[in-house]
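In: Provided below for reference: sequence and predicted model.
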Amino acid sequence: MDQKQTPLFDALCKYQKEQYYSFHVPGHKDGEIFWKTGRQPFQELLKIDATEIAGLDDLYHPTGPIADALRLLSDLYGTKQSYFLVNGSTVGNLVMVKAVCRPGDQVIVQRNSHKSIFNALRLARVSPIFISPDIDYETGMAVSPSSEALMKAIDKYPGTKALILTYPNYYGVTADIEEAITYARRKGIKVLVDEAHGSHFLLGSPFPKSTLAMGADIVVHSAHKTLPAMTMGSYLHVNSTRVSIEKIEDVLGMLQSSSPSYPIMASLDLARAYLASIHEEKVTSILETIYQFKKGLGRLSTIELAKQDERYTYDLLKVVIKSSGNQTGFQLKEHLHTMGIYPEMADPQHVLFTLGLDDESDYAAILHHLENGQEKWRVEQSEDSAGTGSRWALDEGAQTDRPLDVSYDVLEGLPLKEVPLSKAAGCIAAQMVIPYPPGIPITIAGERITEDQIKSIINWRNAGASFQGMDVSKTRLTMKVYNE
């Protein structure tokens, strides 16, 4: 197919030119009605913020430009069927689990998954077996479970219906899991992958290999993370005939907004065209630009590039740095903020930059800006002595494989109580405690809390992390647990 086409975006432009006045929702009437202080930055976008009217098709029954755009998307990624998601990869993760799994189904799940996966498990009322990830020796980051660990789990739990994986991790680190995916499929197990940060892996080496190419049955991509798409714009790909298209579309219609954003969908159409336009010479130019940026970062005396573990493949759009002094990653992030540089995220030891898929960013100017600010950093680094410790991974102390301690059905009938965090070990967690980002829960509902998880919460909190699910500003931390 001609991947230069952008049928949905073109339809919106035609709508913008032809409509004389809006007698339909939304209420801003193509931007004519809007609060004055916001009118200037929103004006052009609101002109194409339309709804399901003549010529613009229907996301849940596409027969026109949306259908054409989806065919182009499926053609590019080589899938059986692909979909636009306007509620982010979160809804994609909910849909793929709910559409494939029935209540009570046994599923094997990577323990360092995003919170949306754990919400999907609970929504689908499955019986999860959690598999601990491997740890990157150089950084302490949790990666994927090894193929060997996954295959052992499949043999240990022969009734497994689905294997649910996250690839890559938030930092762009990938393990070789192709053997495990092939083994699972041979055993009749469906493979569902949250590949949120890998929508550009289609470009091939030296980027990591996509799990679509490994044979995964369903893959979810956050297009907005590494492609030029609007926030919440994502893709869901059905990659095999073992998955019911009808079931996917039925659940998608239930869980995703019935008023999908046309600007988000149009940006997904354009992002697909942009990705398709990147030829081999462009990739080489992009990689050279990134190489020069990393080389420049390596010359700065106040920061250093994180080392890489030779067992893994790393996404070149992710750059992980750390302070060369005693600062935590959160302190380094705050110093960068004072210079107008906003990283993707920080953890107790590192700061993550997510780069764009282009060769035109003026990294030389950014490096010059960073270099000029180093003197102030040196003074502040000498004053900081917080330290980060040697271990901080989110899954510290987790077992190799571990079923949920209490089923989701039983949890629904249990009363709650609140206990001091220091006394929570051995209790059944009633909440997810999540450093955000990266959004990987330290504790999940239905899991018996361990001393190592309590230590991990305290370590992240002391290092300066932001949390969802727990107010860490309190002097006395508490935890919601089930009263067994």
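Out: That came in fine, so what should we check first? Source: prediction; values computed, not measured.
In: pull the longest helix from the protein.
Out: Scanning the chain for the longest helix, with DSSP state H as the assignment, gives helix 280-299.
In: poorly predicted segments of the chain, please.
Out: 378-399 (pLDDT under 70).
In: what about the strands in the stretch 151-300 of the chain?
Out: With strands called from DSSP state E, counting those that start in this stretch, the stretch 151-300 of the chain shows them at 162-166, 173-174, 190-194, 218-221, 234-238.
In: just the element for the nearest residue to Tyr342 once chain neighbours are set aside, please.
Out: Excluding its sequence neighbours, the residue lying closest to Tyr342 (CB to CB, 6 or more residues apart in numbering) is Leu336, at 7.2 Å. Where you see a C-beta, it was placed from the backbone N, CA and C, and this is true even at glycine. Using DSSP states H and E, Leu336 maps to helix 329-338.
In: so which bits of that helix are buried?
Out: Gly329, Phe330, Gln331, Leu332, Lys333, His335, Leu336 (16 or more other CB atoms under 10 Å).
In: can you lay out those residues as TSV showing distance to Leu70?
Out: Compiled in TSV, the buried residues of helix 329-338 are given as follows (distance: CB to CB, whole Å):
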residue	distance to Leu70
Gly329	40
Phe330	41
Gln331	45
Leu332	42
Lys333	38
His335	44
Leu336	39
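In: just curious, which of those residues is nearest to Lys423?
Out: The closest of those to Lys423 turns out to be Phe330 (CB to CB; 27.2 Å).
In: hmm, back to that, what comes up buried for the longest helix of the chain?
Out: Val283, Ile286, Thr289, Ile290, Phe293, Lys294, Gly296, Leu297.
In: next, the contact list for the closest residue in space to the first one that isn't next to it in sequence, please.
Out: Among residues not flanking Val283 along the chain, Leu203 sits closest, at 5.8 Å (CB to CB, 6+ apart). Listed by CB atoms under 8 Å, 6 or more residues apart in numbering, the contact partners of Leu203 are Leu275, Ile278, Val283.
In: and Leu203, how far from Asp49?
Out: 31 Å (CB to CB, to the nearest Å).
In: assign a three-state SS to Glu310, would you?
Out: Glu310 falls in the coil class when you classify it by DSSP: H, G, I helix; E, B strand; the rest coil.
In: what about it, neighbour count?
Out: By other CB atoms under 10 Å, the residues close to Glu310 number 8.
In: which one of the strands of the stretch 151-300 of the chain lies nearest to Ser116?
Out: Nearest to Ser116 among the strands of the stretch 151-300 of the chain is strand 190-194 (7.8 Å), distances taken as CB to CB.
In: pairing partners for that closest one, with directions?
Out: In its sheet, strand 190-194 lies beside strand 162-166 (parallel), strand 218-221 (parallel), with partners assigned from DSSP bridges.
In: buried deepest among those strands, which one?
Out: strand 218-221 (a mean of 30; mean count of other CB atoms under 10 Å).
In: need the residues that contact that one.
Out: Here strand 218-221 has contacts from 85, 89, 92-93, 96, 100, 190-196, 198-199, 210-212, 234-239, 243, 248, using CB under 8 Å, 6+ apart.
In: now the helices for the stretch 351-484 of the chain?
Out: Assigned by DSSP state H, counting those that start in this stretch, the stretch 351-484 of the chain shows helices spanning 363-372, 374-383, 408-411, 451-463.
In: who's in contact with the third one?
Out: Which is helix 408-411. Contacts of helix 408-411 (CB under 8 Å, 6+ apart): Pro103, Leu121, Arg122, Arg125, Val126, Ile428, Ala430, Ala445, Gly446, Tyr482.
In: how about the fourth one: what's its closest non-neighbour residue?
Out: Leaving out its chain neighbours, the residue that sits closest to Arg125 by CB to CB, 6+ apart is Pro103, at 3.8 Å.
In: same deal with the third one?
Out: Nearest residue to Arg122, sequence neighbours excluded (CB to CB, 6+ apart): Tyr408, at 5.2 Å.
In: gap between that neighbour and Asn119?
Out: Tyr408 is 11 Å from Asn119, where distance means CB to CB.
In: follow-up on the earlier one: ok, which of the strands of the stretch 151-300 of the chain comes nearest Phe353?
Out: It is, among these and with distance given as CB to CB, strand 173-174, at 14.4 Å.
In: what about the closest one, distance to the chain center?
Out: Centroid separation for strand 173-174 versus its chain: 13 Å, with CA atoms, centre = their mean, to the nearest Å.
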